[in-house]
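S.K.: Sequence plus the predicted model coming up.
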Amino acid sequence: MTDKTEQGGESPPQPTSPEESAKSQKRRRRRRSRRAKPKSAGIRSVAAGPAEVPNESSSVEKPDESASQTSHKPKRSRHRSTRRGHPSVRRRPVEGRNQHVFAAVDLGTNNCRLLVARPEKESFKVIDAFSRTIRLGAGLTGTGALAGEAMDRAVEALKVCASKIKRRDATKVRCIATEACRTAVNGEEFINRIKSETGLDFEVITTAREAHLAAAGCMPLLDYSSESALVFDIGGGSTELVWLDLASTADTDSDPKIVAWTSLPFGVVTLAEQYHTELTHPELNVRSIFERMTRDVQLSIEAYVEAEHLRPIYDRGAAHLIGNSGTVTTLAAVYLDLERYDRKRVDGVWMNTKAAHQLIHKISHLDAQERSQFPCIGEDRADLMLPGCAILKAISDAWPSERIRVADRGLREGILLELMEEADREAKRKRRNRRRRRSRGGPRRSSSNPSAEGHPPSGQ
């Protein structure tokens, strides 16, 4: 018989040892892994960094579900890298405020406002906003109840807010209602209607909480060269006054202490309705009505004596005022002679008190039609500007200061800062609980250990 090797046939397979067989299998596995490895290894992984933050003016829509089903998700490699050959350091999980989008809704007596924001260092970046004049408190002074048309206007505005909150995927949302819902006999009924028609869950806050939030929203605008500051919020149904001690916290990172606060039963809507008959009487002098409004508010301020120990600071010019209402921001726009309202120019501007009083004096001699001729007042605010200026004049006369800082911010900003602090505290509690479980040798999740899931091993 002729050997096949002599005729060019294949040699019979040679026996191999177990060691050589294992080595050849390892070589084959390495070759397969090299072939499967993508050539673009130096491209940064999608999971290696955060997504880009869209421009504030852009509209972010939810991704199409049909497209997401066919999209390719890269497999997670055992060792992620940001550059070729340089394994990345394990990133800490996103915790606290940085894992959320926040939303704050303020339902006031005159306006409905929304802010949606993402955290940015110790503050936040607004990614969406909404504001609409709804006059929820119209007619409230005379009847004690919210009118049907006013509630309808508010619900329609809140539907817009709910849509924006959903589109922006906000995960921490807080909605507050103030004086109108606080005093109306049908306020609770209206809050329930909002819940059923918009899905928004509102909290009717107290005057104390309203004052605290108003002050918290203005903290970035405080001038710590002063010893004290009076933050005032002229609302539609009430006015909050908050006195802050700046001297004791000027050289620290802590927030100023609230040393006194009060809520006045006057707002631009309630005061306008109180004097509605006289304001619409053609023969009555507008200036005399303005002076009576101012005197009513002054008497209410003088009746509050808890802040009198701060009087010497204001008398010697060591304090300043901060106003964060629509009246103050509108007056500032007129003060700056703006043809169109510009928040960037108004927010944070200082008004000389004497010059502001001269402007108020001019406005107080005009009727509603004449006031509406100012570009930044218009017909929407013409009737409310007179009572708003009366409240502002009474405050600045009772607590004098050479300058007034204007804040186009307030309750919503205070809510956002509060929500972010709560998210940070929640994350700290979770970390503390994890450390306690580890220190006590608590159970850990493991697929190979049935008892780690809280179940006894089989056979017990």
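M.R.: Perfect, I can see it now.
S.K.: what about the closest residue to residue 409 other than its chain neighbours, how many residues close to it?
M.R.: The shortest distance from residue 409 to any non-neighbouring residue, by Cβ to Cβ, 6 or more residues apart in numbering, is to residue 217 (4.9 Å). To be clear about C-beta, it is placed using only N, CA and C from the backbone, and glycine gets the same treatment. Residues within reach of residue 217, counting by other Cβ atoms under 10 Å, total 24.
S.K.: Pull the contacting residues for residue 217.
M.R.: 324, 407, 409-414, 417 (Cβ atoms under 8 Å, 6 or more residues apart in numbering).
S.K.: Show the subsequent helix or strand relative to the helix or strand hosting residue 125.
M.R.: According to DSSP states H and E, residue 125 maps onto strand 123-133. Using DSSP H and E, the next helix or strand after strand 123-133 towards the C-terminus is helix 140-143.
S.K.: Show me what that following helix is packed against.
M.R.: Applying 3 or more Cβ pairs under 8 Å, 6 or more residues apart in numbering; DSSP states H and E, one finds that helix 140-143 contacts helix 268-274.
S.K.: Who are the packing partners of the strand holding residue 125?
M.R.: Applying 3+ Cβ pairs under 8 Å, 6+ apart, one finds that strand 123-133 contacts strand 111-120, helix 148-167, helix 411-439.
S.K.: Provide the angle between the direction of that strand and the direction of helix 411-439.
M.R.: Taking axes from the mean of the first three to the mean of the last three Cα atoms, to 10 degrees, one finds strand 123-133 and helix 411-439 inclined to each other by 140 degrees.
S.K.: in its sheet, what does strand 123-133 sit against?
M.R.: strand 111-120 (antiparallel) (DSSP bridges).
S.K.: Give the buried residues for the strand it pairs with.
M.R.: 111-119 (16 or more other Cβ atoms under 10 Å).
S.K.: same thing with stretch 183-192?
M.R.: 183-184, 186-187, 190-191.
S.K.: Show the end-to-end separation of that stretch, please.
M.R.: 16 Å (Cα to Cα, to the nearest Å).
S.K.: residue boundaries of the helices in the stretch 151-300 of the chain?
M.R.: For the stretch 151-300 of the chain, helices defined by DSSP state H, counting those that start in this stretch occupy the ranges 179-183, 187-198, 207-217, 268-274, 276-279, 286-302.
S.K.: right, so the ones you listed: which one is the most enclosed?
M.R.: Sort the helices of the stretch 151-300 of the chain by mean neighbour count, taking mean count of other Cβ atoms under 10 Å, and helix 179-183 sits at the top with a mean of 25.
S.K.: Not counting it itself, show me its contacts.
M.R.: 107-109, 136-137, 140, 144, 146, 187, 190-191, 202, 204-207, 235-238, 267.
S.K.: Same question for stretch 417-432.
M.R.: Counting by Cβ under 8 Å, 6+ apart, 95-97, 99-100, 102, 104, 119, 123-124, 172, 174, 213, 216-217, 219 sit against stretch 417-432.
S.K.: Quick check on these: which are buried?
M.R.: Judged by 16+ other Cβ under 10 Å, buried ones among these: 96-97, 100, 102, 104, 119, 124, 172, 174, 213, 216-217, 219.
S.K.: Now tabulate these in CSV and tack on distance to residue 375.
M.R.: Shown next, in CSV, are those (distance: Cβ to Cβ, whole Å):
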residue, distance to residue 375
96, 44
97, 39
100, 39
102, 33
104, 29
119, 36
124, 31
172, 37
174, 34
213, 31
216, 32
217, 27
219, 31
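S.K.: Tell me the one among these nearest to residue 263.
M.R.: Within these, proximity to residue 263 (Cβ to Cβ) peaks at residue 213, which comes in at 12.5 Å.
S.K.: How about that closest one: what's its closest non-neighbour residue?
M.R.: residue 414 (3.5 Å).
S.K.: Isn't that neighbour up against residue 214?
M.R.: Yes. Counting by Cβ atoms under 8 Å, residue 414 does reach residue 214; the two are 6.5 Å apart.
S.K.: who touches both of these two?
M.R.: Joint contacts of residue 414 and residue 214 (Cβ under 8 Å, 6+ apart) do not exist.
S.K.: Poorly predicted segments of the stretch 351-460 of the chain, please.
M.R.: For the stretch 351-460 of the chain, the stretches with pLDDT under 70 are 441-460.
S.K.: Could you pull out the strands in it for me?
M.R.: Ranges of strands in the stretch 351-460 of the chain, per DSSP state E, counting those that start in this stretch, are 403-406.
S.K.: Point out where this structure drops to low pLDDT.
M.R.: 1-23, 26, 29-93, 250-251, 441-460.
S.K.: Kindly state the domain boundaries assigned to it.
M.R.: Domain ranges of the chain: 98-206, 219-408, per automatic domain parsing.
S.K.: Between the helices of the stretch 151-300 of the chain, which one is closest to residue 347.
M.R.: Of all the helices of the stretch 151-300 of the chain, helix 207-217 comes closest under Cβ to Cβ, at 11.2 Å.
S.K.: quick one, the closest one and helix 411-439 angle?
M.R.: 90 degrees.
S.K.: any idea how far helix 207-217 is from the chain center?
M.R.: Relative to its chain's centre, helix 207-217 lies at 14 Å (Cα atoms, centre = their mean, to the nearest Å).
S.K.: Stretch 418-427 now?
M.R.: 13 Å.
S.K.: cool, stretch 338-352 as well?
M.R.: On Cα atoms, centre = their mean, the centre of stretch 338-352 falls 21 Å from that of its chain.
S.K.: Sweet, I'm off.
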